[in-house]
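In: no sequence on this one, just coordinates:
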């Protein structure tokens with residue numbers, strides 16, 4: 001429901017994309033695996049991995065959802 005409301009708010013302002021950052025699958029953390037699964041399930045697509053944005057042990061995944 002929160003993602004639907006975010007999509008609606010972005011669309012109302014003329015935005016075309018919604019983005020989110022989380023840890024990439026380069027991290028073995030099971031909680032972030034569930035986070036990625038959630039975002040993929042609501043229509044986000046992996047866009048780019050930033051291996052050193054936060055820290056080398058916490059690679060960042062940028063996901064994008066087209067509105």
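Out: It's in. Model, not experiment: these values are computed from the prediction.

In: where does residue 48 fall, phi/psi-wise?
Out: phi -160, psi 150 (degrees, to the nearest 10).

In: where's it relative to residue 30, distance?
Out: The gap separating residue 48 from residue 30 is 23 Å, by C-beta to C-beta, to the nearest Å. Every C-beta, even on glycine, is put in place using the N, C-alpha and C of the backbone.

In: residue 38 too?
Out: Distance, residue 38 to residue 30, by C-beta to C-beta: 13 Å.

In: between these two, what contacts are shared?
Out: Common contact partners of residue 38 and residue 30 (C-beta atoms under 8 Å, 6 or more residues apart in numbering): none.

In: still on that earlier bit, higher neighbour count, residue 48 and residue 30?
Out: residue 48 (12 against 8; other C-beta atoms under 10 Å).

In: report the contact partners of that one.
Out: 61, 62.

In: redo that, cut-off 10 Å
Out: Applying C-beta atoms under 10 Å, 6 or more residues apart in numbering to residue 48 gives the contacts 21, 24, 60, 61, 62, 63, 64.

In: what do you get for residue 61?
Out: For residue 61, counting by C-beta under 10 Å, 6+ apart, the contacting residues are 20-27, 32, 35-36, 39, 44, 46-50, 53.

In: which helix or strand contains it?
Out: Residue 61 is part of strand 58-66, with elements assigned from DSSP states H and E.

In: thinking again about what came up before, ok, of the contacts of residue 48, which one's closest to residue 8?
Out: The nearest member of these to residue 8, counting by C-beta to C-beta, is residue 64 at 17.2 Å.

In: just to revisit the earlier point, any idea of the mean pLDDT for the strand holding residue 61?
Out: Averaging pLDDT along strand 58-66 gives 96.
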